[in-house]
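Colleague: I would like to see how this sequence folds:
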Amino acid sequence: MQSTLGATLLISVERIAATALGALAGAVLANYFTGNLLVFGAAVFALGLLCAGFRMEKSAYRYASITLAIIVLIPRSNAAWIIAFHRFFEVSVGIVVALALAGVWPEHQPESANRAANNT
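Modeller: Model prediction:
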């Protein structure tokens, strides 16, 4: 969440895209390459290349890698695609709440900043 709705919206779009990328990679890896550390490392590297190719911020690479790690490295009883969907959904709900808060509760500028803006 950023101080303005516009800044929050830009970061939110990247975070949703990065989480979707990490969730997709995590579901595929957990289904086909269970417990292979080399494949996990290669997937993290590939996520970095994809994020760079899509010209995403460095934070998007971190979000994608974190999502991948949560899906692949934490043992669960459900299928990997269910875990991936839940992670994507949880992050998306958090982003929607952050956007709503940024829209409803905008940052107020300090009084000195307001006076300076009015004097110009």
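Colleague: What residue, apart from its backbone neighbours, is nearest M56 spatially?
Modeller: E14 (5.4 Å; Cβ to Cβ, 6 or more residues apart in numbering). All C-beta spots, glycine's among them, are computed from the backbone N, C-alpha and C.
Colleague: right, and the one you found touches K58 too?
Modeller: No. Using Cβ atoms under 8 Å, E14 is not in contact with K58; the gap is 10.3 Å.
Colleague: what sits against the residue nearest to M56?
Modeller: M56, E57, S59, A60, Y63 (Cβ atoms under 8 Å, 6 or more residues apart in numbering).
Colleague: How about F40?
Modeller: L29, F33, L68, A69, V72, L73.
Colleague: and which of these is nearest A18?
Modeller: Closest approach to A18 among these (Cβ to Cβ): L68, at 10.1 Å.
Colleague: elements contacting the helix or strand harbouring the closest one?
Modeller: Assessed by DSSP states H and E, L68 sits inside helix 58-73. Using 3 or more Cβ pairs under 8 Å, 6 or more residues apart in numbering; DSSP states H and E as the contact test, the elements touching helix 58-73 are helix 5-32, helix 37-53, helix 80-104.
Colleague: Is M56 part of a helix or strand, or is it coil?
Modeller: Assigned by DSSP: H, G, I helix; E, B strand; the rest coil, the conformation of M56 is coil.
Colleague: Looks like it contacts A17 (just checking).
Modeller: Yes. Taking Cβ under 8 Å as the contact criterion, M56 and A17 are neighbours in contact, 7.1 Å apart.
Colleague: between those two, who's got more neighbours?
Modeller: M56 (19 against 16; other Cβ atoms under 10 Å).
Colleague: got the phi/psi numbers for that one?
Modeller: Torsion angles at M56 (phi, psi; degrees, to the nearest 10) stand at phi -90, psi 160.
Colleague: next one: G35
Modeller: Residue torsions, per degrees, to the nearest 10, at G35 are phi 70, psi 20.
Colleague: Roughly how far does F45 sit from S92?
Modeller: For F45, the distance to S92 (Cβ to Cβ, to the nearest Å) stands at 26 Å.
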